[in-house]
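K.L.:
what's the 3D shape of this:
(one chain, ligands or ions: 1)
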Amino acid sequence: MLQIEELRKAYGQRVILNNLNLHIRAGEIYGLLGSNGAGKTTTINILCHLLVADSGRILIKDQPISESTKLLIGVVPQENLLYKSLTCEENLNFFAQIYGLSRAERKQRVEQCLGAVGLADRAKSPAEILSGGMQRRLSMAITLIHQPKLLILDEPTTGLDLEARYEIWDLIRKLQQQGMTILLSTHFLDEAERLCHRIGILKQGQIAAEGSLDELRQLIPASEILVVQTPEEEQVIQRATALGFPMRRYGHELAFWLPKHLELRDIITYFDGIPLDSIARQPARLEHIYREIIQKQDNP
Ligand SMILES: Nc1ncnc2c1ncn2[C@@H]1O[C@H](COP(=O)(O)OP(=O)(O)OP(=O)(O)O)[C@@H](O)[C@H]1O
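P.N.:
Here you go, the predicted model:
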């Protein structure tokens, strides 16, 4: 669906995209992850013609991007693009007019798009009285008005509460099930884990790692992660190190990589004689993999 080849963008001496290659398959949800300033929005801005790349090639449905391919893409930016004093219906109508839809088409598309995002009953409500989650869904409806094939979502759940995030996630899944290809840029690893078929981690202007969650799991030699809470961290670290379990810290959590699946009762015996508050095994999650990839790149 989308092929980005050797894309380069620099601001002065500062290279943001360093010959980036990215391929998004039709019908998938592709998660683009990266630290602040990694170049996610820069990539999106180039895709939607807000920025010009220094070099590289972008193909959408095998055609180089141009004015005529613009209609294939719909972008939901980080900030909602809404006229707050207009109703939901009026907002959609306005954008439908910009896309040149006839009066009859507009009526039909406005209804369809409001229905698609679950706002049919708010058609007459001014955007400004909607909750943050509803405003985001209205922003998504606006992006759907011209029936794009590729939907680009830039941090779609930033600033939303948990219920609103669930609603946006359901909506993203529903759109994908209806055949939409989705590029999702996000900071939230749980969001990428739940929604994305494949994930690419953008680092130093390139995709440092890419794949499904299972494929990414192969990148770290941990079968499972052991999280330990103890008042005697030094003793636990010494014991685990002697057993060959690499240590990591995830925020305040003390963790060890387990090279293979081990029974919890066996693990507990390894720490005999050391006071433990809690001990838990968990599968390696995107958080653990992401951290490793980001740090490995920083300190090759
Ligand atoms: N017009 C500009 N001039 C100079 N530098 C810029 C300009 N626009 C963006 N940058 C820099 O380019 C880098 C990439 O920015 P970008 O917004 O693409 O990152 P991002 O991955 O989307 O980050 P975030 O997750 O914080 O939104 C940043 O360091 C930013 O400061």
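K.L.:
which stretches of the stretch 101-250 of the chain form helices?
P.N.:
Remark: helices assigned in the stretch 101-250 of the chain by DSSP state H, counting those that start in this stretch are 103-116, 132-144, 162-177, 189-195, 213-217, 233-242.
K.L.:
The ligand: which of these is closest?
P.N.:
helix 189-195 (13.0 Å; CB to the nearest ligand atom). Every C-beta, even on glycine, is put in place using the N, C-alpha and C of the backbone.
K.L.:
Quick check: buried residues in the closest one?
P.N.:
Neighbour counts using 16 or more other CB atoms under 10 Å place 189, 191-195 of helix 189-195 among the buried residues.
K.L.:
Would you mind writing the CA trace of that helix as PDB?
P.N.:
Below are the C-alpha coordinates for helix 189-195, written out as PDB (Å, rounded to 0.1, in the frame of the first residue of the first chain):
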ATOM      1  CA  LEU A 189       3.600   1.000  23.800                       C
ATOM      2  CA  ASP A 190       0.400  -0.700  25.100                       C
ATOM      3  CA  GLU A 191      -1.500   0.900  22.300                       C
ATOM      4  CA  ALA A 192       0.900  -0.500  19.700                       C
ATOM      5  CA  GLU A 193       0.900  -3.900  21.400                       C
ATOM      6  CA  ARG A 194      -2.900  -4.100  21.300                       C
ATOM      7  CA  LEU A 195      -3.600  -2.700  17.900                       C
END
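K.L.:
Is it in proximity to the ligand?
P.N.:
No - Helix 189-195 does not reach the ligand (CB under 6 Å from any ligand atom); its nearest approach is 13.0 Å.
K.L.:
Would you enumerate the residues in contact with the most centrally placed residue in the chain?
P.N.:
Closest to where the C-alpha atoms of the chain average out (CA atoms, centre = their mean) is Thr186, at 3.4 Å. Counting by CB atoms under 8 Å, 6 or more residues apart in numbering, Thr186 makes contact with 31-33, 153, 155-157, 192.
K.L.:
Relative to the ligand, which of those is nearest.
P.N.:
Closest approach between the contacts of Thr186 and the ligand, by CB to the nearest ligand atom: Glu155, at 6.9 Å.
K.L.:
Out of the helices of the stretch 101-250 of the chain, flag the one nearest Phe95.
P.N.:
Taking CB to CB, helix 132-144 is the member of these nearest to Phe95, at 4.9 Å.
K.L.:
quick one: the closest one to chain centroid distance?
P.N.:
With CA atoms, centre = their mean, to the nearest Å as the basis, helix 132-144 stands 17 Å off its chain's centre.
K.L.:
Please, which helix or strand holds Leu254?
P.N.:
In this assignment (DSSP states H and E), Leu254 forms part of strand 253-258.
K.L.:
what packs against that strand?
P.N.:
Applying 3 or more CB pairs under 8 Å, 6 or more residues apart in numbering; DSSP states H and E, we find strand 253-258 packed against strand 224-229, helix 233-242, strand 247-250.
K.L.:
That one vs helix 233-242, what angle?
P.N.:
Here strand 253-258 points in a direction 10 degrees away from that of helix 233-242 (axes from the mean of the first three to the mean of the last three CA atoms, to 10 degrees).
K.L.:
Use 370 as the first number for this chain going forward.
P.N.:
Okay, residue one is now 370; in that scheme the one you just asked about reads as strand 622-627.
K.L.:
I'd like the mean pLDDT over strand 622-627, please.
P.N.:
Here strand 622-627 scores 93 as its mean pLDDT.
K.L.:
Each with direction, which strands does that strand pair with?
P.N.:
In the sheet, strand 622-627 lines up against strand 593-598 (antiparallel), strand 616-619 (antiparallel) (DSSP bridges).
K.L.:
Hmm, Phe640 and Gln598 touching each other?
P.N.:
No - assessed by CB atoms under 8 Å, Gln598 is found out of contact with Phe640, at 11.7 Å.
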